[in-house]
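In: sequence first, then the predicted structure:
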Amino acid sequence: VEHLSRRFSIILVTARDPKWESATRLWLRDNFGPHCTNLHFAGRKHDGSSKTKGELCAEVGADYLLDDNLDHCHSAAKEGVATVLFGSYGWHENVPEEQIVCKDWTAVREFFDEQRSDQL
């Protein structure tokens, strides 16, 4: 994340309930340092005011969503946001062939380094 934050604005979007904001910020600080402060809460699925991660990504102007949940990737793609499915988890079933997948942080770094060099 530190490497990516040198060239990209890191915007965090979580589906957690906003009541977890303090604990979420603490966890992010402890695990990712000062690079992850731009945090947005999509809200809970059962809350009438909630948004999908895709809707929120579009709202904040995100170019990519990196997520471990394929449903969130689908919601972002519907909003025109490119997606990267992160990890190799048991819940990654029926992943479409065209879905970009990065199994770990090294693969994420390599993917975005390649994207950046393609834009130069």
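Out: Great, that's in hand. Numbering: from 1, shown residues only.
In: with adjacent residues omitted, what lies nearest to Tyr89?
Out: Asp68 (6.2 Å; Cβ to Cβ, 6 or more residues apart in numbering). Any C-beta I mention is one placed from the backbone N, CA and C, and that applies to glycine too.
In: and for that neighbour, the neighbour number?
Out: Residues lying near Asp68 (other Cβ atoms under 10 Å) number 13.
In: now do it against Arg7, distance only.
Out: 23 Å (Cβ to Cβ, to the nearest Å).
In: please apply the same query to Lys51.
Out: 27 Å.
In: likewise for Glu21?
Out: The separation that Glu21 has from Arg7, given Cβ to Cβ, amounts to 27 Å.
In: the more surrounded of the two?
Out: Glu21 (13 against 9).
In: would you verify that the more buried one is located in a helix?
Out: Yes: under DSSP: H, G, I helix; E, B strand; the rest coil, Glu21 sits within a helix.
In: I'd guessed it sits against Phe41; true?
Out: Yes: counting by Cβ atoms under 8 Å, Phe41 is a contact partner of Glu21 at 6.7 Å.
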